[in-house]
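Student: Here is a sequence with its predicted model. Questions after.
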Amino acid sequence: MDHHLQRSHAFLPFIFFLLLRTIPRPSNGEVGTAAQYSPPFLPTACYGQDPDQFPSSNLFAAAGDGIWDNGAACGRQYLVKCISAEDQETCVPDQVIQVRIVDFALTTVSSPTYDGTTMVLSDTAFETIANFTADSINIEFQR
Ligand SMILES: *[C@@H]1O[C@H](CO)[C@@H](O)[C@H](O)[C@H]1NC(C)=O
């Protein structure tokens, strides 16, 4: 009996170790999808013809239905990372960009390469995190 108790105590550190390994690390990021779009970008649903709406980095995006928030999404900044795609090796590993929402994906002047994505990235933004030949990618994003 005594002997048995000692044995189970000896296993406790091992059980904690297993728990720590299996608990997912906390992350505020959400998972979604992204397509890309190219010029012409003006006018946008957020700021019309104003040419100053685009960040000088040209890293911007159109919000899909899910994050458009009735237009409240305009001006919001998102961190975006490519996590996977249909073709392997599409994503640029560990590359995170910050994009500014300037448009609504359903009314962009030029058509997105894929419909119904969480957001549509400017061609420059898309190329920074993925092989530009892809039409859509899976992303992790965080406001
Ligand atoms: C991008 O994807 C295309 C088509 O799959 C492939 O031919 C090309 O080698 C890729 N480019 C890079 C830099 O991985």
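Tutor: Sure thing, it's come through.
Student: For the rest of this, base every contact and every neighbour count on C-alpha atoms.
Tutor: Will do.
Student: need the helices for the protein, in chain order.
Tutor: 2-22, 65-68, 123-129 (DSSP state H).
Student: Kindly export the second one (C-alpha atoms) in CSV.
Tutor: Extracted as CSV, the C-alpha positions of helix 65-68 are listed here (Å, rounded to 0.1, in the frame of the first residue of the first chain):
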residue,chain,number,x,y,z
ASP,A,65,-18.3,40.4,-45.0
GLY,A,66,-17.2,38.8,-41.7
ILE,A,67,-15.0,41.7,-40.6
TRP,A,68,-16.6,44.6,-42.5
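Student: what mean pLDDT does it have?
Tutor: The average of the pLDDT scores along helix 65-68 is 98.
Student: ok, Gly64 to Asp94 distance?
Tutor: Note on Gly64: its distance to Asp94, by CA to CA, to the nearest Å, is 24 Å.
Student: out of the two, which sits in the more crowded spot?
Tutor: In terms of neighbours (other CA atoms under 10 Å), Gly64 is the more surrounded of Gly64 and Asp94; the figures are 23 against 10.
Student: Contact partners for the closest residue to Ala45 other than its chain neighbours?
Tutor: Excluding the flanking residues, the one nearest Ala45 by CA to CA, 6 or more residues apart in numbering is Asp103, at 4.9 Å. The neighbours of Asp103, taking CA atoms under 8 Å, 6 or more residues apart in numbering as the test, are Thr44, Ala45, Cys46, Tyr47, Ala61, Ala62, Ala63, Cys74.
Student: if you set the cut-off to 10 Å instead, what comes out?
Tutor: Contacts for Asp103 were tallied using CA atoms under 10 Å, 6 or more residues apart in numbering; they are 41-48, 60-64, 68, 71, 73-75, 109, 119-120.
Student: what's the answer for Thr107, then?
Tutor: Pro43, Thr44, Ala45, Ala62, Gly64.
Student: got a winner among these for most neighbours?
Tutor: Ala62 (34 neighbours).
Student: In stretch 65-81, which residues are buried?
Tutor: Using 16 or more other CA atoms under 10 Å as the test for burial, stretch 65-81 gives Asp65, Trp68, Gly71, Ala73, Cys74, Gly75, Gln77, Tyr78, Val80, Lys81.
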